[in-house]
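J.: Predicted model follows, preceded by the sequence.
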Protein chains: 2
Amino acid sequence: MNFRQSINRPTLHEELVERLRSLIVEDMLKPGEKVPEKELCETFSVSRTPLREALKVLASEGLVTLQANRGARVTDVTREEIKKTFVILARLEQLVGELASVNLSEVGRARIEERHADMVAAFKARGRTTYFQANQDIHNALLEGAGNDILDTHHRMLESRVRRARFMVNLSEERWAQAISEHEDMMVKLRNRDATGLGQVMKTHMENKLAAYMKVLEAEDRDSEEP
Amino acid sequence: MNFRQSINRPTLHEELVERLRSLIVEDMLKPGEKVPEKELCETFSVSRTPLREALKVLASEGLVTLQANRGARVTDVTREEIKKTFVILARLEQLVGELASVNLSEVGRARIEERHADMVAAFKARGRTTYFQANQDIHNALLEGAGNDILDTHHRMLESRVRRARFMVNLSEERWAQAISEHEDMMVKLRNRDATGLGQVMKTHMENKLAAYMKVLEAEDRDSEEP
DNA sequence: AAACGTAATTATGAATTCATAATTCAGTCA
DNA sequence: TGACTGAATTATGAATTCATAATTACGTTT
């Protein structure tokens, strides 16, 4: 039995970090927008102290930007920063692949295979939400399977900064098909416990995501130039 | 002229994050030790609010561990966690090498060559402090030269957790010579702007540091078994 | 004397208060 | 009318206060 559950009452600021992170990642709070302490205190019915503590933590993660005496703003992640983040994420994903190949249990692998099937089905039915969810589950399972919690922490930090970008990318039908093919490849490598192979595929997978994202942005740029 | 200096007065909590981080990294506050808010407030003559904000930030970096209603303790980094951190650092170093090869200016490279010469001289004179400083400068210069500030941030976070370990490692004369040789190799690769090569060497450099560290620990274990 | 239970003390999480920097807005003058 | 000045307002950083959880100290019981 797990006694932790009953005892573990998280502190306010911990909960607030989660809630605020969600608000930002889910795009309820838009980039560049100022984060009004007062208003948020009312919505969450807490005082400013724990809220400000939470903002400090989010700032250290880079999700919000603090200016002395001018409060917090949702960090407006520039295109350049997104590139920089993806480059790092690609390497971390590679490491995740290598570690998961070795450390993931057979049970864990089987579970991933299941979710992979769900994902392919969602692709065929063009069910984006279901697809995103399955995709997320697979990546999380691999991350967990890698058995390196510190890697997990930093991966999550980096990913939260570019989450919006990742949503945009898969809008393209072409990229979607490519992503599925890459995932098929990942499953093959995972079945064979091919550490180097899985690492390589996952690195490329991420690099292709960046490339697709940049392509989308460039298309947008062209559109806005000639109205 | 730089006007920033005069205007930029960092907030208390920002300064405290720096001060506390130093205390932990420089081993003034030992792992496992509880961080007494009251005492620190007096030494820094600030109130608890900014100090606690700083602790929250350090906790999100993993340098301290918070327990609800039980305050903060300096995180006692286990051997396992040190391994996990080094594994990640090795990959980030590899990326640093690849990026620096491409992005570092010739002026920057020349400066690193100078510091490298200082480091070799320090090695020959067995000047550990000078060696450590030059070594640190080289790694920082490469990190900066990579031109990816997000990489920089995460690298620093990870490094601060294992700083003590890195100091221990270079105590061995054998490892010291090996490290110098690896650094020579790095300089060659950097001169040739061999991105893949420099990345590879830096990855291996870090992996060897871990190996040396583990060797030291195992020797200690043997010693403690048979007193 | 050891172990348990309870009261006193201390430390911590969170709310509130206070001082000051930033912003807004009204009034003035060109 | 529009730009500037300065007072009023608001928002923020930090200190203080308050309520409660955790720890310690003490006394009781066996």
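T.: Alright, I've got the coordinates.
J.: Run through the residues that contact A:Asp149.
T.: Contact analysis of A:Asp149 by C-beta atoms under 8 Å, 6 or more residues apart in numbering or on different chains lists B:Lys84. Placement of C-beta: from N, CA and C, glycine included.
J.: The one 10 residues further on too?
T.: Applying C-beta under 8 Å, 6+ apart to A:Glu159 gives the contacts A:Leu89, A:Arg166.
J.: And it, its phi and psi?
T.: Phi and psi for A:Glu159, reported as degrees, to the nearest 10, are phi -60, psi -40.
J.: where's the closest residue to A:Asp194 other than its chain neighbours, which helix or strand?
T.: Leaving aside its chain neighbours, A:Asp194 sits nearest to A:Ser101 (6.4 Å; criterion: C-beta to C-beta, 6 or more residues apart in numbering or on different chains). A:Ser101 belongs to helix A:79-103 when elements are defined using DSSP states H and E.
J.: Buried by neighbour count: which residues of that helix qualify?
T.: Neighbour-count burial for helix A:79-103, counted by 16 or more other C-beta atoms under 10 Å in any protein chain shown, picks out A:81-101.
J.: A:Arg156 - how many residues pack around it?
T.: The number of residues packed near A:Arg156 is 13, by other C-beta atoms under 10 Å in any protein chain shown.
J.: Now do the longest helix seen in chain A: which elements does it pack against?
T.: Using DSSP state H, we find that the single longest helix of chain A is helix A:195-225. Helix A:195-225 sits against helix A:79-103, helix A:163-169, helix A:173-191, with contacts defined as 3 or more C-beta pairs under 8 Å, 6 or more residues apart in numbering or on different chains; DSSP states H and E.
J.: What residues does the residue nearest to A:Asp194 make contact with?
T.: So A:Ser101 contacts A:Lys189, A:Leu190, A:Arg193, A:Asp194, A:Ala195, A:Gly197, A:Leu198, A:Gly199 (C-beta under 8 Å, 6+ apart).
J.: how much does the helix holding A:Ser101 deviate in direction from helix A:195-225?
T.: Compare the direction of helix A:79-103 with that of helix A:195-225 by axes from the mean of the first three to the mean of the last three C-alpha atoms, to 10 degrees and you get 160 degrees.
J.: how far does helix A:79-103 sit from the chain's center?
T.: Taking C-alpha atoms, centre = their mean, to the nearest Å, the mean C-alpha location of helix A:79-103 is offset from the chain mean by 11 Å.
J.: just checking, next helix/strand downstream of that helix?
T.: Following helix A:79-103 in sequence order, the next helix or strand is helix A:106-124 (DSSP H and E).
J.: What average pLDDT does that next one get?
T.: The average pLDDT within helix A:106-124 is 97.
J.: List the buried residues in it.
T.: For helix A:106-124, the neighbour count (16+ other C-beta under 10 Å) marks A:Gly108, A:Arg109, A:Arg111, A:Ile112, A:Arg115, A:His116, A:Asp118, A:Met119, A:Val120, A:Ala122, A:Phe123 as buried.
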